[in-house]
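A.B. asks: okay, predicted coordinates and the sequence, questions at the end:
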Amino acid sequence: MNRRIRSGSASLLPAALALIVLVALNVVASRTTLSWDLTHSGLNTLAPQSVLAAKRLGADLLVIGLFRSGVGNGQPEAEALVGLYQAQSTRITYRSESFDTDVADVRKYSVQEPNTLVLDYGGKTQLLTPALQTEQDFTSALLKVESNHVPVVCWVAGVGGRSRSDTSQSGYSSVADVLAGNNFETRDLLMTGLTSIAADCDEVVLIAPAVPLAATAVKAMGDYMAAGGSLLIAGDPWSQTPAAAASLNEVLKPYGLAFSGALVVEPDASRAFDVITPATLTYGSSPITRDIQGIASLFPQTTAITRTSAAAAPVVIASTSNLSYAIAAPRQDLPRQAGDAAGPFAIMETLEVPAGQKKARIVMVGTTGFAENKVLPPSSNAANLELALGTFQWLAREDALISLPPKPPRALPLTLTQQDQSTIIFITVFLMPGLVVFAGMLVWWRRRLIR
Amino acid sequence: MTRVLTIARRDLMALFVSPAGWVVAALFVVLTSAFGFVLPVLAGQAATMDGVFGVITSFLLPVLIPVITMRVFAEERSEGTLELLLTSPVRDWEVAVGKWLGAFTFYVLLLATTLVYVVLLAAYIPGHLASLDLGLIASTYVGLLFAGGAATAIGALASSLTQNQIVAFFLALAILLLTWYAGTLLGFFTQPPASGLFQYAGGSNRFQSFSLGLVTLKDIVYFSSLGIGALFLITRLLDSRRWR
């Protein structure tokens, strides 16, 4: 008995020691960031600008990944990216949470969408939604939280229209949350008696007023833009108050652009959610749309943006198909009739115009619905959130913070003919398993003969 | 070392002459071809090995490896040949490593069949081999070698605990599923710092870097520790038979 106990103890002791050594090794290894990026194009190697942004962090940066478990949630990629920054700075800490159970963080940071990364730098925050988790996005977010500048969004108020506090489907409360979560300061710009716009407004937001803008307000807007301001302006079709729509076009008049006021109908099912909600998958080249190419954005009940001057040279961000048409006056039946204007139509555009030493920036959208709660998470997974956020950031000139060359995709497209596909199916589904089965049967047959 | 290789060769040959070895090989090739290659590549029209690697990590590692390893010790014990082996002039660690090496070599050979898919992608992608990110593919193979090494060691450990092959299979399956997924799942339902610990200990999490093209020291240490730890335990278990 004693011999068995002694032998047993002698056997357990080395096992316990080995376990301790292996755990200790893992603890030490977990603290190292030593790694080798084997990818051809350095997919896992940060650009020098990103390394610098990480290294010069002056305080602790907390990154929280709020993920919903499931294949393709982007967590491995996002965490690998965060790991690259952590390798450059010990000030970056990361924790992963469940979007569905970590209610405290979801509420605290006003996170709208699962699989979002939150950057918290001493109370200044940036939210990186699933479509905005590239190296460029992360580095830009780092630079924004490090910067002392807080972009000010001056939101036109006192003229009716959509409200930032409205949490209904047609409200803009989600946009207000997104702006707050991304370190923007939003303040009301009262139109009543407005004669000038404060220079500290980084951008002005004018969403289809329900009442006409006063001439002094239009002039104040013009002066602000002439000094190199930024303007987000959205119109609507079939305005209830034509004078209000006309005053909106007065703001755009100096730039040779206008909202047509007609309702755009998109019969092409591949480019629409429904006939009066065109959807865009391919966008014009712009920093606003850099990350959302191929992801649909919705433009509910939109009007067209037209050019009133040949000199205007806007960048078309979103447009409708050749099949689309526009109905000028309100009517119940939407099928095309004679007199309806033929598409395609521009429904979102950007414009940069020289303004002294600076350049004024304008983003025009043919619908006030492009950023309503109905098309933003959690109601919708469309790219409208990224489109709206990108718009606010471009207008605040945050796009110029950093520009990194894009990295190639992990999987390259493959164009296979029918013949190629047949050959591949034959080799992989029939030939390879067939050879294995044949070899197995051969071995079985030989062993049978030997016996 | 010669004795290790002799045992490994003997076990490898035993797999090749057993129906189980060929059934595993055929099942593996059919699944990787149909679900890992044909569906993602032809339907998605993308030159990617992600589907193949996905089948390997979700099926070969937790399910087929226990089939490969279930007999390594359990069969010898049930047939009474383990005593013969242990009384022959070989050390316990040589038996453990030799048997692991035999099963691991079979796993590597299975893995090698997937190189056909790389060749096919290279043949059909414009620009051929130069267009494929071979570094990314190589990194994932490195990860599969480390993860597979650890999984075969765990499978062999399960086999050394029983003389019933079915029990050995289910034991290995349970341990591998726990090692691979439990950390991730528990990490989601616990609070820091426990969640961080669980997520770190989850095998699937440790494999992620490899699949992204990054060979990380901590992941190599993790899988190596699992493998070495399991082999060490097998050695101690074999040793314990002497004093029981």
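C.D. replies: Structure's in. What do you need?
A.B. asks: please list all residues in contact with B:S131.
C.D. replies: By C-beta atoms under 8 Å, 6 or more residues apart in numbering or on different chains, the contact list for B:S131 reads A:412, B:47, B:125. Quick note: C-beta positions are derived from backbone N, CA and C, even for glycine.
A.B. asks: partner residues bridging the first one?
C.D. replies: Right, A:L412. For A:L412, the beta-bridge partners are B:A47 (DSSP bridges).
A.B. asks: relative to A:A245, how far out is A:G261?
C.D. replies: Here the criterion is C-beta to C-beta, to the nearest Å. By it, A:G261 lies 6 Å from A:A245.
A.B. asks: list residues touching both of those two?
C.D. replies: Counting by C-beta under 8 Å, 6+ apart, the contacts common to A:G261 and A:A245 are A:235, A:239.
A.B. asks: dump the residue contacts of the closest residue to A:G294 other than its chain neighbours.
C.D. replies: In space, and not counting its chain neighbours, A:G294 is closest to A:L281: 5.9 Å by C-beta to C-beta, 6 or more residues apart in numbering or on different chains. A:L281 sits next to A:271, A:293-296 when contact means C-beta under 8 Å, 6+ apart.
A.B. asks: try it again at 10 Å.
C.D. replies: Counting by C-beta atoms under 10 Å, 6 or more residues apart in numbering or on different chains, A:L281 makes contact with A:270-271, A:292-297, A:318, A:383.
A.B. asks: please apply the same query to B:L61.
C.D. replies: By C-beta under 10 Å, 6+ apart, the neighbours of B:L61 are B:55, B:107, B:144, B:147-148, B:150-152, B:155, B:176-177, B:179-180, B:203-204, B:207.
A.B. asks: in strands, which of those fall?
C.D. replies: When DSSP state E is applied, the contacts of B:L61 are split such that none fall in strands.
A.B. asks: what is the neighbour count of the residue lying closest to A:N183 once chain neighbours are set aside?
C.D. replies: Spatial nearest neighbour of A:N183, chain neighbours left out: A:K124 (5.3 Å); criterion: C-beta to C-beta, 6+ apart. A:K124 has 17 neighbours, counted by other C-beta atoms under 10 Å in any protein chain shown.
A.B. asks: okay, and for the chain, where does confidence drop off?
C.D. replies: Went with chain A since none was named. Residues of chain A meeting the criterion pLDDT under 70: A:1-11, A:71, A:400-406.
A.B. asks: my question was about chain B
C.D. replies: Scanning chain B for pLDDT under 70 picks out B:188, B:191-192, B:242-244.
A.B. asks: all strands of it, in order?
C.D. replies: So, for chain B - with DSSP E - the strands run B:46-47, B:214-216.
A.B. asks: which one of those strands is the most hemmed in?
C.D. replies: Mean neighbours per residue, mean count of other C-beta atoms under 10 Å in any protein chain shown, is largest over these for strand B:214-216, with a mean of 23.
A.B. asks: do that strand and chain A meet?
C.D. replies: Yes: shown here: strand B:214-216 in contact with chain A (C-beta under 10 Å from any C-beta of the partner chain) through B:214-216.
A.B. asks: elements contacting that strand?
C.D. replies: Here strand B:214-216 touches strand A:35-37, helix A:75-86, helix B:134-160, helix B:203-211, going by 3 or more C-beta pairs under 10 Å, 6 or more residues apart in numbering or on different chains; DSSP states H and E.
A.B. asks: now do the same contact list for A:D188.
C.D. replies: Applying C-beta under 10 Å, 6+ apart to A:D188 gives the contacts A:154-158, A:164.
A.B. asks: between these, which is nearest chain B?
C.D. replies: When the contacts of A:D188 are ranked by distance to chain B (C-beta to the nearest C-beta), A:R164 comes first, at 33.9 Å.
A.B. asks: so is that closest one in a helix, a strand, or just coil?
C.D. replies: In three-state terms, and counting by DSSP: H, G, I helix; E, B strand; the rest coil, A:R164 is coil.
A.B. asks: quick one: residues contacting B:V118.
C.D. replies: So B:V118 contacts B:47, B:49, B:52, B:129, B:132, B:134, B:137-138, B:141 (C-beta under 10 Å, 6+ apart).
A.B. asks: buried among these? Make that a PyMOL selection.
C.D. replies: Here is the PyMOL command that selects the buried residues among the contacts of B:V118 (16 or more other C-beta atoms under 10 Å in any protein chain shown):
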select buried, chain B and resi 47+49+52+132+137+138+141
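A.B. asks: can you put the contacts of B:V118 in a markdown table and add distance to A:R107?
C.D. replies: Shown next, in a markdown table, are the contacts of B:V118 (distance: C-beta to C-beta, whole Å):
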| residue | distance to A:R107 |
| --- | --- |
| B:A47 | 43 |
| B:M49 | 41 |
| B:V52 | 42 |
| B:L129 | 51 |
| B:L132 | 45 |
| B:L134 | 46 |
| B:I137 | 43 |
| B:A138 | 44 |
| B:Y141 | 44 |
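A.B. asks: what about residue 112, neighbour count?
C.D. replies: Using chain A here. Close neighbours of A:Q112, defined as other C-beta under 10 Å, add up to 20.
A.B. asks: that answer is for a different chain, and I need it for chain B
C.D. replies: Residues near B:A112, counting by other C-beta under 10 Å, number 10.
A.B. asks: how close does it get to A:Q393?
C.D. replies: Computed as C-beta to C-beta, the B:A112 to A:Q393 distance reads 49 Å.
A.B. asks: quick check: the residue lying closest to B:L110 once chain neighbours are set aside vs A:M432, distance?
C.D. replies: Leaving aside its sequence neighbours, B:L110 sits nearest to B:F28 (C-beta to C-beta, 6+ apart; 5.3 Å). The spacing between B:F28 and A:M432, counted by C-beta to C-beta, is 10 Å.
A.B. asks: more crowded one of the two?
C.D. replies: Taking other C-beta under 10 Å, B:F28 and A:M432 do not tie; B:F28 has more neighbours (26 against 21).
A.B. asks: assess the claim that the residue nearest to B:L110 and B:L60 are in contact.
C.D. replies: Yes: counting by C-beta atoms under 10 Å, B:L60 is a contact partner of B:F28 at 5.9 Å.
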